[in-house]
Structures are given as structure tokens and as C-alpha cells.
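Asker: predicted model, plus sequence, below.
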Amino acid sequence: MQSDTLLHIANFSTLLVCMVLKFPQIFVLMRAKCSTGISLNSLLLELIGFIVFVTYQMYYDYPPPTYLEYPILIAQG
């Protein structure tokens with residue numbers, strides 16, 4: 001039970017940090033209405049990495065809380 005609680009805290013803290021890091025970038029891009037300065041290659045590499053990780057986790061039946069933040073990161077990307 002203790003490790004379960006620790007895992008949920010770690011997952012939610014990771015999700016919170018990801019939101020803190022990504023949301024300001026998203027808001028600046030929406031306000032500017034321009035994507036100048038964003039590297040398409042780095043964005044695609046990040047998204048492919050997230051998708052591969054989530055696919056691996058799902059294929060080997062890991063519990064969803066261990067990879068729950070990654071679909072959200074993919075959507076943010």
C-alpha cells in the first residue's frame with residue numbers, strides 16, 4: 001500500500017511539472033499565432049519517444065499509473 005501511494009504521488013508530481021513546463025510555451029505560441037523558432041525535428045523526436053514509451057508500457061501490461069502522464073504530454077506536443 002505504501003509503494004502504491006508513493007507511485008501515485010510521483011505520477012501526479014510528474015504531471016504537474018510537465019504542465020508547468022509546457023503550458024507557458026503553449027500560451028505564448030497561441031498568443032503570438034506564429035510557430036517561428038520551434039524546431040520541427042525536435043518536436044517530432046519528442047513525440048516519437050513518448051509514443052514508443054507508451055506503446056512499450058501498454059504492450060507489456062504495465063499498470064496505467066506508471067505511464068498515465070505520457071498521453072497528456074503527447075496531446076500537449
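Answerer: Now that the structure is in, tell me what you want to look at. As the structure is a computational prediction, the values presented were derived from the model and not from experiment. Numbering: from 1, shown residues only.
Asker: residues of the helix or strand bottoming out on mean pLDDT in the chain that come out buried?
Answerer: Least confident element among the helices and strands of the chain, by mean pLDDT, DSSP states H and E: helix 69-76 (a mean of 71). Under the neighbour-count criterion of 16 or more other CB atoms under 10 Å, helix 69-76 has Glu69, Tyr70, Leu73, Ile74 buried. Bear in mind the C-beta positions are built from the backbone N, C-alpha and C, glycine included.
Asker: swap in stretch 43-63?
Answerer: For stretch 43-63, a neighbour-count test (16+ other CB under 10 Å) marks Phe50, Val54, Gln57 as buried.
Asker: quick check: mean pLDDT across it?
Answerer: Averaging pLDDT along stretch 43-63 yields 83.
Asker: pull the residues that contact that stretch.
Answerer: Stretch 43-63 is contacted by residues Thr66, Tyr67, Tyr70, Pro71, Leu73, Ile74, Gly77 when judged by CB atoms under 8 Å, 6 or more residues apart in numbering.
Asker: return the member of those residues nearest to Ile26.
Answerer: Minimum separation from Ile26 among the contacts of stretch 43-63 (CB to CB) is found for Gly77, which lies at 9.7 Å.
Asker: thinking again about what came up before, identify the residues contacting the least confident helix or strand of the chain?
Answerer: Residues contacting helix 69-76 (CB under 8 Å, 6+ apart): 11, 14-15, 18, 22-23, 26, 47, 50-51, 53-54, 57.
Asker: which helix runs longest in the protein?
Answerer: In the chain, with assignment by DSSP state H, the single longest helix is helix 2-32.
Asker: returning to what we had before: dump the buried residues of helix 69-76 into CSV; add distance to Thr5 as well.
Answerer: What follows is the buried residues of helix 69-76, written out as CSV (distance: CB to CB, whole Å):
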residue, distance to Thr5
Glu69, 17
Tyr70, 21
Leu73, 23
Ile74, 26
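Asker: list just the nearest of these to Gly37.
Answerer: For those, the minimum distance to Gly37 (CB to CB) is 20.3 Å, reached by Leu73.
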